[in-house]
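missing the sequence, but the structure's below:
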């Protein structure tokens, strides 16, 4: 074997660097072999060693998935509440209750009083001006107007109708308290009844209330008028 000794020792640098790289690569391979040596064993030992690794990986994946779901869900993408939004006061539609009332000298079904305004008059009602104002607006809108009373209020109904009905309001005697039980009038309460026997109730009317536009819609079905 011929051995060549270079004149300049610096010419050996490349060989030294290559030798060191080979040593580092060998040491890396040895570390990797030691790491995976338990899994390369035959028999039950290898299986017993790999089970904890699989369980650890599965736990890490579950944890990562849970953290990702928490991070990605924002208020805008969160599931919407299933609760029905509360409707503004005075816009909720209800169906007229079943039952009968006395109209003049005959008994009629409550649900026959369609396309009309029902003014539920409480006992000892100090609401004459409001009744007169309502009668004028109902006449202008060309819709039927009924003054309704139940219980002790029945005694004053005829007088209130004559004085404040403007010659157009009709007295309705709710002797079975059908409408009173359905709408629980507090003060003067007005039920606006549409052509499909649905109603929208207005309570606590201000002194200068104006129901003209609402009264003119009573010939429509309630769902169409409210929308």
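Now that the structure is in, tell me what you want to look at. None of the values given here were measured: they were computed from a predicted structure.

C-alpha from now on. contacts and neighbour counts both.
OK.

Name the secondary structure element that contains the residue nearest to residue 211 when sequence neighbours are not counted.
Leaving aside its sequence neighbours, residue 211 sits nearest to residue 137 (C-alpha to C-alpha, 6 or more residues apart in numbering; 6.9 Å). Assigned by DSSP states H and E, residue 137 falls within helix 128-141.

now the strands: where do they sit in this structure?
With DSSP state E as the criterion, the chain has strands at 93-95, 100-103, 106-109, 116-120, 144-149, 170-173, 189-193, 198-202.

quick one on the thing from earlier: what about the residue nearest to residue 211, distance to residue 123?
Distance of residue 137 to residue 123, given as C-alpha to C-alpha, to the nearest Å: 23 Å.

Over to residue 29?
100 Å.

These two: who's more crowded?
residue 123 (18 against 11; other C-alpha atoms under 10 Å).

Spell out which residues make up each domain of the chain.
Using automatic domain parsing, the domain parsing of the chain gives 10-72, 93-226.

Now the terminal residues of the last one, how far apart.
Start-to-end span of domain 93-226 (C-alpha to C-alpha) is 8 Å.

just stretch 159-175 next, same as before
OK, stretch 159-175 end separation, C-alpha to C-alpha: 17 Å.

same question, stretch 119-132
With C-alpha to C-alpha, one end of stretch 119-132 sits 11 Å from the other.
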